[in-house]
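Q: dropping a prediction and its sequence here:
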Amino acid sequence: MLSAEDRITKARAKIMRDERFTAISPILMVGSWQVVDDIPTAATNGRDVFYGRAFVNQCDDKLLRFVVLHEYFHVMLMHMTTWAKLDKDDAQLSNIAKDMVINNMLKAMDPGGQFITIWENAYCDPQYDGLDTGEVYRRLKQQAQSKPQSGGGGSGNGPKGQQFDQHQPAAGDGDGDGDEGGPAPLTQAEAEEVAKAVDNALRQGALIAGKTGAGMSRDIEALLEPVVPWQDVLRDWLTNTAKGGDLSTWARPARRWLGQDLYLPSRYTEAVDRIVIGIDTSGSIDDEQLRRALSEAASACEAVCPQMVDVIYWDWAVAAHESYEGERVQDIVKATKPKGGGGTDVRALFNFIDQRGLNPNAVIVFTDGYTPWPADLKHPTLWCISTKGLRAPVGETLYVPA
């Protein structure tokens, strides 16, 4: 009879040889794994994986392959760091959302169940297919809040299923104590190293899949999309959205040439009257992020030379409204005085815009994205969201790393 360690080794080898999982096979080499006696089922900290000996011995080969894949999908998707804020908000619901995403992906990769057996009590629901963890969490949260709670955890009316593994958040992202018997939480430095290792593993897997002719899941392909500097995307979006007829003026000389003693007219866009910059001050953006966001937004605004820029700080309501006209746009970063720090509801921002009759050519919103969304938008809107994988249901979304 094979030992639990031998069975895990066999399962890993089978996975690496199966063409459906060729592209993710290098992920299994990230971190370490071991079988222990004090884990009920399985656990991961986003890098290392632990398996409970008794649980492994109860699994048949197909179920054991599912368990191995499930744990390493947590590693591949960097669940323990990417969605740390969800863990703080509601750890139980966050874990359900993570498991739902993984189990739906695995079911899609082996629809006939020929290679793996999804655990019978696993969270797996086709209505969440194709959604990221943040969106699944948001929908589950809405469902839980719309029904009377049956008690405990804030998710008593959640989907049917059970969580069979332990998710250990990175140190400082959860309570920091760790699950008894589980892997130690990762430090911030370790989490950054894991992110690099995962990216390298995925790119290596893509090369292997390409050479062998094996397919690659679209969800996994999305993890390899090239990263474009968000500052460039912001500037391009604003230029294309709030553009009008270009004119020149000697009243505002082109600053880029002044250092060379050249006094040339600046270009401006006649049609751009007003741009709104909305800043989430609910506690999700720190001072450095705020300074950087405002600096880049103000720089982007200069490219289209608006007559007016409104900086609006909001949390559950509008906390402050500042207006900068003409050349004062250059002084936003130095002159602004952020306010706020309560709950989060971006609808307050758009209600304020309508009530004041601002009628902007474009709206730029900086937020972590954990907010009720407006049903529709009256003005072109770019959401600069600091939570990777989270997208706004209306307008356009730009990921801005925290």
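A: Yes, it's here. Remember, predicted model here, so these are calculated numbers, not experimental data.

Q: so where's the stretch 51-200 of the chain uncertain?
A: Along the stretch 51-200 of the chain, segments meeting pLDDT under 70 span 147-158, 169-182.

Q: which parts of it are strands?
A: In the stretch 51-200 of the chain, the strands defined using DSSP state E, counting those that start in this stretch lie at 165-167.

Q: now the helices for it?
A: 53-58, 61-76, 79-82, 84-109, 133-145, 188-212 (DSSP state H, counting those that start in this stretch).

Q: now those as CSV including mean neighbour count and distance to I27?
A: (C-beta placed from N, C-alpha, C; glycine too.) As requested, those are arranged in CSV below (neighbours: other C-beta atoms under 10 Å; distance: least, C-beta to C-beta, whole Å):
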stretch, mean neighbour count, distance to I27
helix 53-58, 16, 20
helix 61-76, 22, 5
helix 79-82, 23, 13
helix 84-109, 21, 12
helix 133-145, 20, 17
helix 188-212, 16, 5
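
Q: of these, which is nearest D125?
A: Closest of the helices of the stretch 51-200 of the chain to D125 is helix 84-109, at 6.4 Å (criterion: C-beta to C-beta).

Q: residues near the closest residue to G340 other than its chain neighbours, how many?
A: Leaving aside its chain neighbours, G340 sits nearest to T281 (3.1 Å; criterion: C-beta to C-beta, 6 or more residues apart in numbering). For T281, the neighbour count with other C-beta atoms under 10 Å is 21.

Q: report pLDDT for T281.
A: Listed pLDDT for T281 reads 87.

Q: with D368 as the reference, measure out to it.
A: Separation of T281 from D368 (C-beta to C-beta, to the nearest Å) stands at 11 Å.

Q: over to I102?
A: According to C-beta to C-beta, I102 and D368 sit 23 Å apart.

Q: can you list the domains in the protein?
A: What automatic domain parsing lists as the domains of the chain is 4-152+162-219, 230-399.

Q: pretty sure W237 sits against L398.
A: Yes: counting by C-beta atoms under 8 Å, W237 does reach L398; the two are 7.2 Å apart.

Q: what is in contact with the two at once?
A: Residues touching both W237 and L398 by C-beta atoms under 8 Å, 6 or more residues apart in numbering: L382.

Q: identify each buried residue in stretch 16-27, please.
A: For stretch 16-27, the buried set under the neighbour-count rule, 16 or more other C-beta atoms under 10 Å, comprises D18, R20, F21, T22, A23, I24, S25, P26, I27.

Q: sorry, wrong one. I was asking about stretch 378-396.
A: 379-392, 395.

Q: returning to what we had before: nearest to A319, out of the helices of the stretch 51-200 of the chain?
A: Ranking the helices of the stretch 51-200 of the chain by proximity to A319 (C-beta to C-beta) places helix 84-109 first, at 20.8 Å.

Q: which helices and strands does the closest one pack with?
A: The criterion is 3 or more C-beta pairs under 8 Å, 6 or more residues apart in numbering; DSSP states H and E, and the helices and strands that helix 84-109 contacts are helix 61-76, helix 133-145, strand 165-167.
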